[in-house]
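>>> Return atomic coordinates for the entry below.
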Amino acid sequence: MEDLKRRLRDAAAAHTPDREGMLERVRLGTSRTVPDRRADRPLSWPRVTLATLASAAALVVGGYTLVPAFHAEGTGRAAAAPTPPSAPSTPSTPPGTQDGPLRSDGAVDPHPNPYWSQSTITLHTGAPLAAMTLEVRVAQTGGVASTGAWRTLPEDDFTLTTTDEGGALLYRWTLKPGRTVPVGQHVFAVQYNHAPGARPVAGDAYAVAAASATGQRHTVAGTFRPAAGTTG
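Alright, predicted model coming up:
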């Protein structure tokens, strides 16, 4: 034991401290950047929400509007929701027209009663439609009030709005984003009450604007063929 203590004292006496080396190690140690462990922590929900709202606010302030578009699968092209032209209201307009693969025909249901009528639009499309808007204008000829509407395509595929513009009822179907109108024949119908007696249909009209999956746009419009017992 005494021998071990002696050897340690001899080693300590022989050691010369490297002062410059120690100072260099201290200098290097204090110059290192301490990592911020907070960056490794997951974002809390409030922080995520605030970041999302800030991005949305920037878009609004910048004047940008996010609108749905219909992307054609495999083409990389998009068909924006079309807006139909103003529905024609002149008696000289034919009940139906054709534009490319899209063809239409309008008629008043042949079984109305003295207080109620139904007007139908029959669409024929030879190509799938990725976007479509259909408007129907029913002139206010006295007592006209909506009693509903229907279509042969799935109800959930469309948004339907009905507005009273004073001089007419306006029905509008808009195909929802991601939905498609398949090839074939499709019927859209509007129903309404009216003043007793034969109702004139000369002021009624419809218009359809559509876009195919490849982005080609088509428009058809027309009036309604009167049923027996009604006036043109």
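>>> Identify all contacting residues around stretch 117-128.
When contacts are defined by C-beta atoms under 8 Å, 6 or more residues apart in numbering, stretch 117-128 is touched by residues 100-109, 112, 134, 136, 138, 180-192, 194, 199, 201, 204, 206, 208, 210, 212-213, 220, 224, 227, 230. For the C-beta atoms, the positions are set from N, CA and C on the backbone; glycine is no exception.
>>> again, only using 7 Å
Stretch 117-128 is contacted from outside by 101-109, 112, 134, 136, 138, 180-192, 194, 199, 204, 206, 208, 212-213, 224, using C-beta atoms under 7 Å, 6 or more residues apart in numbering.
>>> Among those, name the ones in strands.
With strands defined by DSSP state E, the entries of the contacts of stretch 117-128 inside them are 102-108, 134, 136, 138, 184-192, 206, 208, 212.
>>> Mind listing the residues bridging to residue 212?
Beta-bridge pairing of residue 212 under DSSP bridges involves residue 129.
>>> correct me, but it touches residue 130?
Yes. Look at residue 212 against residue 130 with C-beta atoms under 7 Å: they come within range, at 6.5 Å.
>>> And these two? Which one has more around it.
Comparing residue 212 with residue 130 by neighbour count (other C-beta atoms under 10 Å), the higher total belongs to residue 130, at 28 against 23.
>>> Next one: the more buried one from residue 208, what distance?
The span separating residue 130 from residue 208 equals 14 Å under the rule C-beta to C-beta, to the nearest Å.
>>> and what of residue 198?
Relative to residue 208, and taking C-beta to C-beta, residue 198 is found at 27 Å.
>>> Okay, helices next: where are they in the chain?
Counting by DSSP state H, the chain has helices at residues 2-14, 19-31, 45-61.
>>> Where does pLDDT dip in this structure?
The model of the chain has pLDDT under 70 over residues 1-93, 228-232.
>>> quick one, domains of it?
Structurally, the chain divides into domains by automatic domain parsing as follows: 2-61, 78-222.
>>> Which residue lies closest in space to residue 210, excluding its sequence neighbours?
Using C-beta to C-beta, 6 or more residues apart in numbering and skipping residues adjacent in sequence, the residue nearest residue 210 is residue 132, 4.2 Å away.
>>> Show me which of residue 198 and residue 208 is the more surrounded one.
Using other C-beta under 10 Å, the more surrounded residue of residue 198 and residue 208 is residue 208, with 28 against 15.
>>> ok, the closest residue to residue 144 other than its chain neighbours - contacts?
The spatially closest residue to residue 144, leaving aside those adjacent along the chain, is residue 194, at 5.0 Å (C-beta to C-beta, 6+ apart). Under the criterion of C-beta under 7 Å, 6+ apart, the neighbours of residue 194 are 115, 117, 141, 142, 143, 144.
>>> what about the first one, how many neighbours?
A count of neighbours around residue 115, defined by other C-beta under 10 Å, yields 12.
>>> My guess is it contacts residue 193. True?
Yes. Checked against C-beta under 7 Å, the pair residue 115 and residue 193 is within contact range at 5.8 Å.
>>> picking up where we left off before, out of the contacts of residue 194, give me the one that has the most neighbours.
residue 117 (26 neighbours).
>>> Which among the ones in strands among the contacts of stretch 117-128 count as buried?
Buried by 16 or more other C-beta atoms under 10 Å: 102-108, 134, 136, 138, 186, 188-192, 206, 208, 212, out of the ones in strands among the contacts of stretch 117-128.
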